[in-house]
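Coordinates for the following, if possible.
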Amino acid sequence: MLAPANYGGALDGEAWLGKPRVGVGARGSGAGRVRFKVGLMAGALLLAGIALLGGSLGYRWHVSAEADRLRSDGVPTTATIVDRSGGGGRGSGVDRIEITYLYDGVQYEKWIPCAGLTGCHRTPGPRVAIRVDPADPERFVAENGHTSGSLSFLMSWTLIPIGLVLTVIGAGLLFVVLKDKDNWA
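Numbering: from 1, shown residues only. Coordinates of the predicted model:
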């Protein structure tokens, strides 16, 4: 037999038909759910920020170490510049060049950034000196300092401040949720 909706037979803390009642200040309350959702969002922002910041800085360190290694251990060869793209204005993408090179009878093609932070104002000469990894000929460092991995999205400078901002926001929200848990009830 079910009780009508306005039945007040079960008191706070008692169970009616095996279902515990949830009071206003309990975990299932509206404020508790909001606190949980804000904490979940804070954790997601914190993790995303740490991933972007750490991933970007770690990948930059890896590419730099790879370039240093290839400068000393790489086999020198000459690559031909076959195409240029980007750099035509704001939002046009990374100014980059496509190079081809021959190593041990195999032809390789790869896009790399054209120059430093300012890009290229014109296509560089028809040839560029590179140093190829003899163990993995698809890896190289060009004379402009860029490697075969320099066009990864993790090399974008904007990821560092974005990751830092997300980390600070996520940590701040998480601090507020954990510190003021009594005020959420």
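
got the residue ranges for the helices in this structure?
Applying DSSP state H to the chain gives helices spanning 30-73, 159-179.

Out of the ones you listed, which gets nearest to Arg131?
Arg131 lies closest to helix 30-73 among these, at 5.0 Å (Cβ to Cβ). Where you see a C-beta, it was placed from the backbone N, CA and C, and this is true even at glycine.

just to revisit the earlier point, could you export the helices of the chain as a markdown table, including mean pLDDT?
What follows is these, written out as a markdown table (pLDDT from 0 to 100):
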| stretch | mean pLDDT |
| --- | --- |
| helix 30-73 | 90 |
| helix 159-179 | 92 |
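
between these, which gets nearest to Ala129?
Across these, Ala129 has its closest neighbour in helix 30-73 (11.2 Å, Cβ to Cβ).

And that closest one, how far out from the chain middle?
Mean-position distance between helix 30-73 and its chain equals 6 Å (Cα atoms, centre = their mean, to the nearest Å).

quick one on the thing from earlier: ok, which of the helices of the chain comes nearest Asp95?
Nearest to Asp95, of all these, is helix 30-73, at 17.6 Å by Cβ to Cβ.

Packing partners of the closest one?
strand 127-132, strand 140-142, helix 159-179 (3 or more Cβ pairs under 8 Å, 6 or more residues apart in numbering; DSSP states H and E).

Adding distance to Gly54, write those out as CSV.
Below are the helices and strands packed on helix 30-73 laid out as CSV (distance: least, Cβ to Cβ, whole Å):
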stretch, distance to Gly54
strand 127-132, 29
strand 140-142, 24
helix 159-179, 7
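
which parts of stretch 63-82 are buried?
Burial within stretch 63-82, assessed by neighbour count using 16 or more other Cβ atoms under 10 Å, is assigned to 63, 66-67, 70, 74, 79, 81.
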